[in-house]
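Undergrad: Next input, structure requested:
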Amino acid sequence: MVQMCLVCLGVDNDVIQQNVLQLPNPEKINNHLPPPDEETADDGDQSSQGYSDKNVRLTPSKPQAPVGEEKDLGDLCKYFVDIGGLRLLYNLAKSSSHSQLNEVSLYMLVVLAESKVYCQQILSTAEFFGDICTILSDEESSVNLKRMCISMILVLVSNNKTGQNLARESKCIDTLLLLFSKISNVVLVSGSTNPEYQLWSSVCSALGACATNPQNEENQKLCSSAFPQAIEWLHDSLQHEIVRPICCMIGPIVANSRFAQDYFASIGGLEILADILSHLVNGLQERSLDFRLAMVVMETLDMCIIENSESIRHLENHSIISSLMSLLSCGNLEAEDKLSIVLTIGRLTEDCEANQYELLKSHGLSLMDQILEESQDDKLQKAARFVLQNCRHISKIAMMFVIWQWW
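TA: Presented below is the predicted three-dimensional model:
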């Protein structure tokens, strides 16, 4: 089975013969297959969530099997593990002198770990993470091999606290942080076609995955050491290929972490993100707005201020409300995007009179009223009411001022 998979993936047959151990012959394999009527427990699919950028993930998309074949595929996968297939791939991934075979073996391990939770659990060992760290640290490892190792880390830490802890204890996170910081500016500006840029982008995704889903406070503190370099790059460039991966890394690291939020704010991170958002929004009249990038920046800002009034005060003098109102005024907004913007406005205006006043000047209260009248979305209506509730005091003051002027 392994030989066939390797051939299908393009590995040279001579390389396979030199490196792959002999598996049981087909007759013995067939004798051990479960009978057709025997029920076998299905280990559900292992999903990868959070801020991982799908464009930089190397993990392959899984083919959708017909419903009647799902059990057979699950049995086959379990049998492959039982006869030592997982161990064989593991040995090939770390010991072969052929880089191509290392890459393909890791690729197959990624597929198995992403498809079945029990494969992920089997591979979540200190030994395996240590081997991945060794490959990543080796200057002679190819870029593709390193990217495959990062893809392996992404799969092993997703929805897996044990994997996250092992990534830290094995120094994998330290190695990822080093790879993140040592990328050259020439590579960063070269764009997404450069393999080294793709490696860096994958590193951003892996750092974010190590920090959240589930939340891992120790990893969040460790990954926060990437903030100074990230802020320097954000300060120097508004390039899409730089801003998006960095934001996709920052978001999970600061999520629900007061330590990471405060550290990011203390070194000027909030101001940088606010300025980037303002620049994107101000380009509405000058050029086509990259709306998706603006939403990514806004959502990252939102993660930085949740339940953190001190961080909100950092943004009082950066016209953040005006930027969000411009976003909210874009035509043909999807309901999900509109809800995300209104919720962020709600968090910024809660217990912050400066932001409430800016919302009033930006005609935001009338827009919230319009949402209540026109929207059929219960969540969006609830978010608009939250904003209006935050601003009820300043609304009364504004009304009294209007009446006084009239008199």
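
Undergrad: where does the stretch 301-407 of the chain dip in pLDDT?
TA: 395-407 (pLDDT under 70).

Undergrad: which residues in it form helices?
TA: Along the stretch 301-407 of the chain, counting by DSSP state H, counting those that start in this stretch, helices occupy 309-314, 320-328, 335-349, 353-361, 364-374, 378-390, 392-406.

Undergrad: Let me know which of these is tucked in deepest.
TA: Burial of those is given as mean neighbour count (mean count of other Cβ atoms under 10 Å); helix 320-328 ranks first at a mean of 23. For glycine as for every other residue, the C-beta is placed from the backbone atoms N, C-alpha and C.

Undergrad: so how far is it off the chain centroid?
TA: 25 Å (Cα atoms, centre = their mean, to the nearest Å).

Undergrad: okay if I get the helices of the stretch 301-407 of the chain as TSV plus distance to residue 263?
TA: As requested, these are exported to TSV (distance: least, Cβ to Cβ, whole Å):
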stretch	distance to residue 263
helix 309-314	11
helix 320-328	20
helix 335-349	20
helix 353-361	23
helix 364-374	31
helix 378-390	27
helix 392-406	32
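
Undergrad: so which of these gets nearest residue 207?
TA: Closest approach to residue 207 among the helices of the stretch 301-407 of the chain (Cβ to Cβ): helix 309-314, 20.9 Å.

Undergrad: By mean pLDDT, flag the weakest helix or strand of this protein.
TA: In the chain, the helix or strand scored least confidently by mean pLDDT, DSSP states H and E is helix 26-32, which has a mean of 35.

Undergrad: Let me see the contact set for residue 112.
TA: Going by Cβ atoms under 8 Å, 6 or more residues apart in numbering, residue 112 touches 77, 80, 81, 86, 89, 119.

Undergrad: What strand or helix carries the last one?
TA: Under DSSP states H and E, the secondary-structure element containing residue 119 is helix 117-123.

Undergrad: Quick check: mean pLDDT of that helix?
TA: For helix 117-123, mean pLDDT rounds to 92.

Undergrad: Stretch 93-110 too?
TA: Mean per-residue pLDDT for stretch 93-110: 86.

Undergrad: Flag every buried residue along it.
TA: By 16 or more other Cβ atoms under 10 Å, the buried positions in stretch 93-110 come out as 93-94, 96, 98, 100-110.

Undergrad: ditto for stretch 210-224
TA: 210, 211, 212, 213, 216, 219, 220, 221, 222, 223, 224.

Undergrad: just checking, which of those residues belong to strands?
TA: The strands, defined by DSSP state E, take in nothing from these.

Undergrad: Residue 354 and residue 318 touch, don't they?
TA: No. At 10.5 Å, residue 354 does not count as touching residue 318 under the criterion of Cβ atoms under 8 Å.

Undergrad: on that earlier part again, looking at the buried residues of stretch 210-224, which has the smallest pLDDT value?
TA: Scanning those for pLDDT, the smallest score is found at residue 213, 90.
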